[in-house]
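Colleague: coords please:
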Amino acid sequence: MPKADARLYAALLRTGARFRTAGMPLLGVAGTDCVCWDLSWPATVRRELQSPPPGVGLAEGAQALSKLQRQLGLLLQAEEHTREALAEWAALADRFAARQSEHYSSALSLAVATEAGLALLSRQAQHLADPLQLELQEDAEQAEAGAEALSLDELAAAVRQQYPQLFLGSSGGGGSAGSMEVQVQQALALAGVLYRQQRFKHEPFEWVYEGLQPLLLPPRLWRRKLAPLTLATVAAGVAQRLGLQLLPVPAEPDAEIAAGMQEGPAGGAAAQGGLPLEQLRSDVAQRYAGRASAAAPELGPWLLLLPDHGTMQQQGQQVGVQWQHAMDACGGQLIDAADALRQYPALQQPAGPRLLSPLLGWQHMVRTVIQAHQRRGESDLVAHWVYVLLALDPQAPEWGHMLAG
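Modeller: All right, here's what the predicted structure looks like:
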């Protein structure tokens, strides 16, 4: 590495150390295409310096250093409870940071990372919005008739009990998989138990009336009508416990979830309660503070990709995963890759590092909880989650507003 690049590399790593000391996630440079899809800042910096994008040189590296300083300063302006939440997301990212030589195994741990992310979001959201768990207790009391509260472990045990011949020796460790034919049979068995016997499904709902419960992943599931990303997390988590790899991914990775909503003037119960959005720039606060109008927005669809363990394709320095089938998280239908790609053109074959990164799923989770609080007019909670979004999504359009001026 040339001396100039080495100095820049060292400076970028020192900046990363400052983020770590402050307990802030560092998952890329705000407002740029530099994103740590493998969750590792040192590995991302190394790749960017070894194979810089066209037109990117030392001058752009110096600009990135300056942006990182402002990025850290803006995140540190969040309130104390938000900074504590960001520290938990930073620890989660460190936990699942991929090593350079483990892209494929990292992709196959996607189910675990997605479950851990939704569990963290659920715990934080529950603590912020319903610290006494009154809504959770009410939800349990009003659970669908005949629905039993089950953990993912118990759901996996139910599948194994009904189909012992398909899950012989399943340890939940995500070990070596059988033939694609066997994996398809396992996926169909899983779908039969979850979607037909246990009646997990997605139906349109309104956050104003349902609260956050359709999104959350509590230790035991009373509710069967869930958001698509929650259904995907449940199915992938149960499959992982059975030794079947299903990769939960948003079918429309670039779809806007919260930012594109039409909103009224700032207000709502939370804003009137004396918890303003003054910690954000005024234009960003105005964008998010109001209660959404008109019909409830659609939630983005999620799929569970069934990977072909026998094939991988190299994409530059990273590995893509071939997949032959996908399961619709909303209803459990199994479709082949060709049909899935026709229905969802944004998907990839092979699935690349961005689609298989848990970071993409975490970003969608946070945007969904922002959407829920927008609909409910809870401006103080929106402000909290906007900061989490900024920390997890360096490419978020909101950074353009925050860094302006």
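Colleague: low-scoring pLDDT stretches of the stretch 301-405 of the chain, where are they?
Modeller: 309-319, 405 (pLDDT under 70).
Colleague: Strands of that one, start to end?
Modeller: 302-315, 318-328, 334-336 (DSSP state E, counting those that start in this stretch).
Colleague: List the buried residues of the last one.
Modeller: For strand 334-336, the neighbour count (16 or more other CB atoms under 10 Å) marks Leu334 as buried. Every residue, glycine included, has its C-beta placed from N, CA and C.
Colleague: The nearest residue in space to Tyr9 that is not next to it in sequence: how many residues sit nearby?
Modeller: Nearest residue to Tyr9, sequence neighbours excluded (CB to CB, 6 or more residues apart in numbering): Leu49, at 5.6 Å. Residues lying near Leu49 (other CB atoms under 10 Å) number 18.
Colleague: what's the answer for Pro219, then?
Modeller: Counted with other CB under 10 Å, Pro219 comes out at 11.
Colleague: Could you do Glu203 as well?
Modeller: 9.
Colleague: please renumber so the chain begins at 46
Modeller: Shifting the count to begin at 46 puts that one at Glu248.
Colleague: How about the secondary structure of it?
Modeller: On the three-state scheme (DSSP: H, G, I helix; E, B strand; the rest coil), Glu248 is labelled coil.
Colleague: Helices of the stretch 46-195 of the chain, start to end?
Modeller: 48-67, 86-95, 103-120, 125-140, 148-153, 155-174, 179-186 (DSSP state H, counting those that start in this stretch).
Colleague: mind putting the ones you listed in CSV, mean pLDDT and distance to Leu434 included?
Modeller: Shown next, in CSV, are the helices of the stretch 46-195 of the chain (pLDDT from 0 to 100; distance: least, CB to CB, whole Å):
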stretch, mean pLDDT, distance to Leu434
helix 48-67, 88, 17
helix 86-95, 87, 18
helix 103-120, 88, 11
helix 125-140, 96, 10
helix 148-153, 56, 23
helix 155-174, 95, 11
helix 179-186, 56, 23
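Colleague: CSV please, covering these and showing distance to Leu426.
Modeller: Shown next, in CSV, are the helices of the stretch 46-195 of the chain (distance: least, CB to CB, whole Å):
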stretch, distance to Leu426
helix 48-67, 23
helix 86-95, 29
helix 103-120, 18
helix 125-140, 10
helix 148-153, 32
helix 155-174, 6
helix 179-186, 13
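Colleague: closest to Ala441 out of those?
Modeller: Closest approach to Ala441 among these is made by helix 103-120 (11.5 Å; CB to CB).
Colleague: List the buried residues of the closest one.
Modeller: Quick answer for helix 103-120 (16+ other CB under 10 Å): 105-106, 109, 112-113, 116-117, 119-120.
Colleague: Stretch 123-135 too?
Modeller: Those would be 123, 127-128, 130-131, 133-135, for stretch 123-135 by 16+ other CB under 10 Å.
Colleague: Stretch 288-299 spans what distance, first to last residue?
Modeller: 30 Å (CA to CA, to the nearest Å).
Colleague: Relative to the whole chain's centre, how far out is it?
Modeller: Relative to the centre of its chain, stretch 288-299 is centred 11 Å away, using CA atoms, centre = their mean, to the nearest Å.
Colleague: Tell me which of the helices of the stretch 46-195 of the chain sits nearest to Val431.
Modeller: Of all the helices of the stretch 46-195 of the chain, helix 125-140 sits nearest to Val431, with 9.4 Å by CB to CB.
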